[in-house]
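1. pasting the structure only:
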């Protein structure tokens with residue numbers, strides 16, 4: 001078979017379908033898409049390469065490969081992405097959960113270790129990955145997740161229901177709808193990309209919701225809003241933990257210091273990049 005030639009329908013099997021797809025997209029993506037179409041385990045692709053593919057499945061697979069070739073994210077094509085060992089539904093209304101954000105989960109669990117019934121707020125929940133994960137991993141927490149996007153909240157609510165997590169959802173533009181609620185912990189993975197960042201025109205990001213990515217000329221507008229509003233929503237001794245850009249740790253620590261937070265620190269992701277920062281609110285006298 002020529003590198004760009006499609007196998008004939010009467011000769012399409014798993015091996016030839018993958019061989020064709022590999023001429024257009026990454027092999028891992030090709031396998032994920034074929035598993036999705038065939039609704040099968042990864043082992044089936046390896047164990048039965050000679051298995052024929054039905055005509056309708058071959059047509060569906062070709063369409064998926066062409067969409068991926070045009071840059072559409074695999075997570076949107078298959079409608080899900082793994083996060084902290086669980087599969088989360090995703091749509092173009094939400095950001096695709098990324099492994100870097102699992103750092104926030106680890107930090108939250110560490111800061112509230114041994115606590116039962118803690119009140120947790122997830123700001124800008126998107127797919128609900130953080131809120132749902134914390135609700136399932138912590139000891140009897142009360143988790144509230146907010147987002148300004150109704151479409152994002154629908155996705156998050158579906159994920160909570162499917163995974164059996166007890167989470168309350170609020171449509172709010174940051175702190176606007178919270179009233180006098182107070183929390184032991186606030187986590188946030190807000191927009192933090194600068195408006196002119198060239199990465200916005202590259203890769204999967206091109207297809208993700210712009211409003212969930214961009215935050216002013218330096219990418220700090222939403223981070224600044226969260227830091228400024230968090231003290232009113234934290235109990236004395238409560239923590240604020242935020243994900244941010246690879247080069248924003250110093251600026252975010254400055255925002256926290258200016259707002260009166262204590263125990264300010266940044267934490268590195270698996271790549272050694274300072275990916276999250278936070279601090280503890282001890283009250284105005286702290």
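-> Looks like it arrived, so ask away. Since this is a predicted model, take the numbers as computed values, not measurements. Numbers count the residues shown, from 1 in each chain.

2. Where does pLDDT dip in the stretch 151-286 of the chain?
-> The model of the stretch 151-286 of the chain has pLDDT under 70 over residues 284-286.

3. Where do the helices of it begin and end?
-> 221-229, 249-258 (DSSP state H, counting those that start in this stretch).

4. Over to residue 92: give its phi and psi.
-> Main-chain torsions, residue 92, degrees, to the nearest 10: phi -60, psi 0.

5. who's in contact with the helix or strand where residue 145 lies?
-> Taking DSSP states H and E as the criterion, residue 145 maps to strand 142-147. The contact list for strand 142-147 (C-beta atoms under 8 Å, 6 or more residues apart in numbering) reads 117-126, 128, 130-131, 134-135, 153, 156, 165-172, 174, 177-178, 181, 183. For glycine as for every other residue, the C-beta is placed from the backbone atoms N, C-alpha and C.

6. Quick one, which of the residues you listed are buried?
-> Neighbour counting with 16 or more other C-beta atoms under 10 Å marks 118-126, 128, 130-131, 134-135, 153, 156, 165, 167, 169, 172, 174, 178, 183 as buried within the contacts of strand 142-147.

7. Now, those residues that are in strands?
-> The strands in this structure, assigned by DSSP state E, contain 119, 120, 121, 122, 123, 167, 169, 183 from these.

8. TSV for those residues, including distance to residue 234?
-> As requested, those are arranged in TSV below (distance: C-beta to C-beta, whole Å):
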residue	distance to residue 234
119	10
120	11
121	9
122	14
123	12
167	19
169	20
183	6
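
9. Residue 160 contacts residue 135, doesn't it?
-> Yes: counting by C-beta atoms under 8 Å, residue 135 is a contact partner of residue 160 at 7.3 Å.

10. anything in contact with each of these two?
-> Joint contacts of residue 160 and residue 135 (C-beta under 8 Å, 6+ apart) are 166, 167.

11. What helices and strands are in contact with the helix or strand that contains residue 61?
-> Element membership of residue 61, judged by DSSP H and E, is helix 55-69. If you count contacts as 3 or more C-beta pairs under 8 Å, 6 or more residues apart in numbering; DSSP states H and E, helix 55-69 packs onto helix 14-22, helix 27-38, helix 74-78.

12. mind listing what's buried in stretch 250-257?
-> Of all the residues in stretch 250-257, those buried under the rule 16+ other C-beta under 10 Å are 251, 252, 253, 255, 256.
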